[in-house]
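K.L.:
can't give you the sequence, but here's the structure:
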């Protein structure tokens, strides 16, 4: 979709008449909606600079101009495009990313990121050259006309307010790869940019390439399909088994049906921790993309997106697959049926409103169903860990029905995490008083669960386990303030337990892949860096927001750190209706610890700040010593051979703590 389309001559007249920003705004209102005053002003400013660049007879008057072109499969828009023919009469398109920036800082240890001032604070942003290059790459990967008609794309960036200084961070060697692909122009470079454009656009194509791009069928390129299949091929952590395969085949059929019948399809898949929802989602992403469907993997939480991107990336550029992983908050501007399939992991984490200030869109569940011909929602309502989490089966079904969609519900039962111990999960739900279960008195202790008296000993155990394969991590409830001055400094410790002279830092903010970075074992992860991911072993510090008092589990939202946004709005809610507020916070805190305590594939070790809670866990574990387990003859023989102490059907536990 193009907001403003004209010849160069028409564009120049609109700038001369001081009507260019008004015309862009009017078209934007008709097709998308309102914009901020700052965006209107930026159009006014930047288009005057582009007028100076194009004010030459070297660039023909009848070449095509497009402003605010929507990049396929994204909510991003290209600021400015010029289209025409090169010297050999081949279609040629110049992409110009326009920026109002006047300063940047280098961001070390990151690929293609800079820091710049926005809304009176410094924020990380992609380098303008990276941004322009990635837009060209996405158009090439997804627009069939560009692929088939051999349309050449030439990206660049123009920072017309930026004054370059010596050893300027904008052109630091760290960004050489992207600047070579998309040159960056600054204040005073109007003639240089004019030369860049005139190198590739020599004559008019009567806007034909613009027409081809605008109406081109959106589908993944063959090279993107092949890259994804190679990434997954032989990667054992993404192998599906049993009922995962059943759900997978059903999802494939529904996606095909959505495309062939023109009726929306919605698949809702329930599954607890460790039932393979993410593995299944990644397999669907790859398979559906290989079938030429425009498909994306969606999560609210950024940690799983970044980790799966890195795991799949291998020797390929991150951008090759980066656009396949999206935040749940980007679809409020998506067109109806713009995408073939959206795979939503952690659907219970979906919000109503999107945006930093929760002021965009209507409802993420509705927006996803509207945007895709087929939607797959993986959901576990016991993993809602924020006041803003509203994702639920009933509303998904209601929105699906309002769009006339066919709805299918399925379940994933088998447990692949926690050593396959369904009993452990049921026991944990009972212990946390989330629900009564048949496993109130214990579980199969093939799963390694221990309670520690000293957090230092717990940490040492996790360090030892991590030496095996970098799959052990420390986690904690969000009861300690995340110090601003220590967010990138491992020497600044946020978590202190004075009784044991224990201290550690929260996970540092200079990485998006904490879960798999080797040095991360030295830091403590929170719910936001671990939900949706798994490790072999986890060590959990349970803070003062979960205690044991008068024979029951109690939660205390006032013990949560102010830096935790999970309970944002609780105090306001508490003033209105303290009973309802406490009930909601109680559920969120228990769900948070349930989620943390189920991140370990092989074992979970805990330390409780509240001594009574520690004794409660020990008591619940000790009850299992008198449990009688049904023993099969084969199991008895194995036990005898391994000298496991089974006596007349009573399993006598070794030291559990």
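P.N.:
Okay, I see it. Please read all numbers here as calculations on a predicted model, not as lab measurements.

K.L.:
got a pLDDT number for the nearest residue to residue 63 once chain neighbours are set aside?
P.N.:
Closest residue in space to residue 63, ignoring its immediate chain neighbours: residue 84 at 4.0 Å, by C-beta to C-beta, 6 or more residues apart in numbering. To be clear about C-beta, it is placed using only N, CA and C from the backbone, and glycine gets the same treatment. If you check residue 84, the pLDDT there is 94.

K.L.:
downstream of the helix or strand residue 84 falls within, the next helix or strand is which one?
P.N.:
Element membership for residue 84 (DSSP states H and E) is strand 77-85. Remark: after strand 77-85, the chain's next helix or strand is strand 91-99, criterion DSSP H and E.

K.L.:
tell me what angle that next one forms with strand 77-85.
P.N.:
For strand 91-99 against strand 77-85, the angle by axes from the mean of the first three to the mean of the last three C-alpha atoms, to 10 degrees is 150 degrees.

K.L.:
i'd like the first residue to be 2 from this point on
P.N.:
Sure, I'll start numbering at 2, so the last one becomes strand 92-100.

K.L.:
helices or strands next to strand 92-100 in the packing?
P.N.:
helix 38-55, strand 78-86, helix 129-143, strand 153-160, helix 191-201, helix 209-216 (3 or more C-beta pairs under 8 Å, 6 or more residues apart in numbering; DSSP states H and E).

K.L.:
rerun that using 6 Å as the cut-off
P.N.:
If you count contacts as 3 or more C-beta pairs under 6 Å, 6 or more residues apart in numbering; DSSP states H and E, strand 92-100 packs onto strand 78-86, helix 129-143, strand 153-160, helix 191-201.

K.L.:
next structured bit after the longest one?
P.N.:
Going back to what we said before, that points to helix 129-143. helix 145-149.

K.L.:
state the distance from the spatially most central residue of the chain to residue 328.
P.N.:
Compute the mean C-alpha point of the chain, and by C-alpha atoms, centre = their mean the closest residue is residue 303, 3.2 Å away. Per C-beta to C-beta, to the nearest Å, residue 303 is found 7 Å from residue 328.

K.L.:
same deal with residue 246?
P.N.:
According to C-beta to C-beta, residue 246 and residue 328 sit 29 Å apart.

K.L.:
and residue 171, what does it touch?
P.N.:
Neighbouring residues of residue 171 by C-beta atoms under 6 Å, 6 or more residues apart in numbering: residue 105.

K.L.:
quick check: closest non-adjacent residue to residue 478.
P.N.:
Computed as C-beta to C-beta, 6+ apart, the closest residue to residue 478 that is not its neighbour in sequence is residue 544, at 4.0 Å.

K.L.:
any idea how far that neighbour lies from residue 563?
P.N.:
Applying C-beta to C-beta to residue 544 and residue 563 gives a distance of 14 Å.

K.L.:
have a look at those two and say which one is more surrounded.
P.N.:
Per other C-beta atoms under 10 Å, whichever of residue 544 and residue 563 has more neighbours is residue 544, with 23 against 10.

K.L.:
wait, that one sits on residue 609?
P.N.:
No. If you go by C-beta atoms under 6 Å, residue 544 and residue 609 don't touch, sitting 8.8 Å apart.

K.L.:
the closest residue to residue 407 other than its chain neighbours pairs with what?
P.N.:
Nearest residue to residue 407, sequence neighbours excluded (C-beta to C-beta, 6+ apart): residue 266, at 5.3 Å. Legend: beta-bridge partners of residue 266 under DSSP bridges are residue 375, residue 407.

K.L.:
the residue nearest to residue 64 and residue 20, how far apart?
P.N.:
24 Å.

K.L.:
and the two? Which one has more around it.
P.N.:
For residue 85 versus residue 20, neighbours defined as other C-beta under 10 Å are more numerous around residue 85 (27 against 12).

K.L.:
ok, now how distant is the more buried one from residue 155?
P.N.:
According to C-beta to C-beta, residue 85 stands 11 Å off from residue 155.

K.L.:
now do residue 56
P.N.:
Here the criterion is C-beta to C-beta. By it, residue 56 lies 20 Å from residue 155.

K.L.:
these two: who's more crowded?
P.N.:
Ranked by neighbour count (other C-beta under 10 Å), residue 56 and residue 155 place residue 155 first, with 21 against 13.

K.L.:
beta partners of the more buried one?
P.N.:
On the basis of DSSP bridges, residue 155 is bridged to residue 95.

K.L.:
for it, report the pLDDT, please.
P.N.:
The model reports residue 155 with a pLDDT of 96.

K.L.:
surely it is in contact with residue 202?
P.N.:
No. With contact defined as C-beta under 6 Å, residue 155 does not count as touching residue 202 (8.7 Å).

K.L.:
not counting its neighbours along the chain, what's nearest residue 513?
P.N.:
Leaving aside its sequence neighbours, residue 513 sits nearest to residue 307 (C-beta to C-beta, 6+ apart; 4.0 Å).
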